[in-house]
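> Sequence and predicted structure below; questions after.
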Amino acid sequence: MKNVIKNRFRYFSISAVLILLSLSMMIFGKLNLGIDMTGGISSEYSYSTIDQDLSTTNLAELADKFIHNGEKIINATSIYKISGEDKVAVVVGFDNTLEEKELNSLKNEFRGQVFSSLQTTGTDLVETKYTNIGKSFGDYIKNTAILTLIIAIAAIALYITWAFSGVVSGINFVSFSSITIVTLFHDIVIATGLYILTSAFFPEFKIDTFFVTALLTILWYSINDTIVIFDRIRSNLKDINKKWNTLEKAIEKSIGESVTRSIYTSVTLLFVLVTIFFFGPESISGFTLVMIFGTIVGTYSSIFIASPLLYQLNKDKKIQKYVKAEYNPEDKIVV
């Protein structure tokens, strides 16, 4: 991998455009929130035999006809078979602007309609699980998700600050932690933007607790890849006056030594994720899709954003080998 540093502004521009587009979708776009974010009901039904075209069951039309005081109060519906079991799951999101008692009554009413509708497609249908998620729980999940992401990023930044302190004279170790925060923000925002864009065309991909879990997993993968390259840079910078006479050459060499390992690791992970996405349980397809986006974006940022940013912040500084002060017992204090 050559000329990464020389072409850094091209990569910065690509990321800037993607971040702006992603933030625009997050702020102004319609978010396809799951019921654990907004509130709703989730039911599971077991059966002996069932129509193989269950996915065409008119659940959406049934929801459209469920009007309260002239307004539609159901904002999302999905139905899918549970892999490996003779069960089907129905998930329905409700608008929680109504009073809780009235809303629960409407949920039970719609629950009965769904059961009656499914009975026409299967035999020996039995409801085995029912979950009613209220608005307060949805708000709690959203707030907890945001707080968890902030704490995770802060903890990672503190660790990087400690791990890379005293690298070489001339480079502030805070550079490593600040760049880490920037790249993690980069990965989370772009992966979220791509997921929101996908959910606009495929409504089964919702922002829910699986989505938040995937974002936390992306943080782990992205920081792992970035640390590997940073560690290689640290090692090469110790020979800054021997093998490399410029910071640019030292970083370019480090990227070249790490890029093959990073790409091979990412491709292997992507192979597994794509396999799970197409052949795994439908219930975790959203989680898997976020992981696919995060793996691609995380690999890109580790190579083309993190290292060039380190160069950009330190390119005008005088870099030399870090020398640790040694204690000489013969030194005496002169009074």
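Great, that's in hand. Keep in mind that this is a model prediction, so the values were computed, not measured. Numbering: from 1, shown residues only.
> Assumed T77 was part of a helix.
No. Counting by DSSP: H, G, I helix; E, B strand; the rest coil, T77 falls outside a helix, being strand.
> chain center to the helix or strand containing S266, what's the gap?
According to DSSP states H and E, S266 maps onto helix 247-279. Put simply, helix 247-279 sits 18 Å off its chain's centre (Cα atoms, centre = their mean, to the nearest Å).
> and stretch 130-142, average pLDDT?
Stretch 130-142 shows an average pLDDT of 77 in the prediction.
> same thing with stretch 106-117?
86.
> Once you drop chain neighbours, what's closest to V274?
Closest residue to V274 apart from its sequence neighbours, by Cβ to Cβ, 6 or more residues apart in numbering: I292 at 6.7 Å. (Glycine included, C-beta is placed from N, CA and C.)
> got the domain boundaries for the protein?
8-32+137-314, 40-133 (automatic domain parsing).
> Could you check the angle the next helix-or-strand element following the helix holding S266 makes with helix 247-279?
Counting by DSSP H and E, the next helix or strand C-terminal to helix 247-279 is helix 285-301. Interaxial angle of helix 285-301 relative to helix 247-279 (axes from the mean of the first three to the mean of the last three Cα atoms, to 10 degrees): 160 degrees.
> Quick one: list the elements packing against helix 285-301.
helix 174-201, helix 209-237, helix 247-279 (3 or more Cβ pairs under 8 Å, 6 or more residues apart in numbering; DSSP states H and E).
> so how far is the next helix or strand after it off the chain centroid?
Of the helices and strands lying after helix 285-301 in sequence (DSSP H and E), the nearest is helix 307-314. Average the C-alpha atoms of helix 307-314, do the same for its chain, and the two points are 25 Å apart (Cα atoms, centre = their mean).
> Tell me which residues are up against helix 307-314.
4-5, 8, 11-12, 170-172, 175-176, 178-179, 182-183, 229-230, 233, 247-248, 251, 254-255 (Cβ atoms under 8 Å, 6 or more residues apart in numbering).
> Quick one: residues contacting K206.
Contacts of K206 by Cβ under 8 Å, 6+ apart are N32, L33, G34, A76, S78, S199, G286.
> Present the residues you listed as TSV; the columns should include neighbour count and pLDDT.
Listed next are the contacts of K206 as TSV, based on neighbours: other Cβ atoms under 10 Å; pLDDT from 0 to 100:
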residue	neighbour count	pLDDT
N32	23	80
L33	20	79
G34	23	79
A76	20	75
S78	21	78
S199	22	87
G286	24	88
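> Going by distance to K238, which of these wins?
G286 (44.3 Å; Cβ to Cβ).
> Setting aside sequence neighbours, what's the nearest residue to the closest one?
F205 (4.7 Å).
> Contacts only, for that neighbour.
F205 neighbours (Cβ under 8 Å, 6+ apart): N32, Y195, T198, S199, S285, G286, L289.
> Is K129 in a helix, a strand, or coil?
Going by three-state DSSP: K129 is strand.
> any idea how far E85 is from it?
12 Å (Cβ to Cβ, to the nearest Å).
> just to revisit the earlier point, could you check the angle helix 209-237 makes with the helix holding S266?
Angle between the axes of helix 247-279 and helix 209-237 is 150 degrees (criterion: the same axes, to 10 degrees).
> Now do the buried residues in the helix or strand containing G112.
Here G112, judged by DSSP H and E, is contained in helix 100-119. Residues of helix 100-119 classed as buried: L103, K107, F110, R111, V114, L118 (neighbour count, 16 or more other Cβ atoms under 10 Å).
> what number of residues lie near the closest residue in space to the fifth one that isn't next to it in sequence?
Taking Cβ to Cβ, 6+ apart, and ignoring the residues beside it in sequence, V114 has V90 as its nearest neighbour in space, at 5.7 Å. In terms of burial, V90 registers 22 neighbours under the definition other Cβ atoms under 10 Å.
> mind checking pLDDT for the spatially most central residue of the chain?
Closest residue to the average C-alpha location of the chain: L215 at 2.4 Å, with Cα atoms, centre = their mean. Here the pLDDT value assigned to L215 is 88.
> Distance check, the nearest residue to it once chain neighbours are set aside against S105.
Nearest-residue entry for L215: I188, 5.7 Å, with adjacent residues in sequence omitted and distances by Cβ to Cβ, 6+ apart. Noted for I188: a distance of 39 Å to S105, by Cβ to Cβ.
> follow-up on the earlier one: so what's the residue nearest to V274 up against?
If you count contacts by Cβ under 8 Å, 6+ apart, then I292 has L270, L273, V274, F277 around it.
> pLDDT score assigned to it?
95.
> gap between the residue nearest to G286 and V290?
Distance from F205 to V290, by Cβ to Cβ: 9 Å.
> Which stretches in the stretch 1-150 of the chain count as helices?
Assigned by DSSP state H, counting those that start in this stretch, the stretch 1-150 of the chain shows helices spanning 8-28, 35-38, 59-64, 100-119, 135-163.
> Packed most tightly, which of these would that be?
Ranked by average neighbour count under the criterion mean count of other Cβ atoms under 10 Å, the helices of the stretch 1-150 of the chain are headed by helix 35-38 at a mean of 24.
> what residue ranges in the stretch 151-300 of the chain are flagged as low confidence?
Residues of the stretch 151-300 of the chain that meet the criterion pLDDT under 70 lie in 166-170, 172-173, 239-245.
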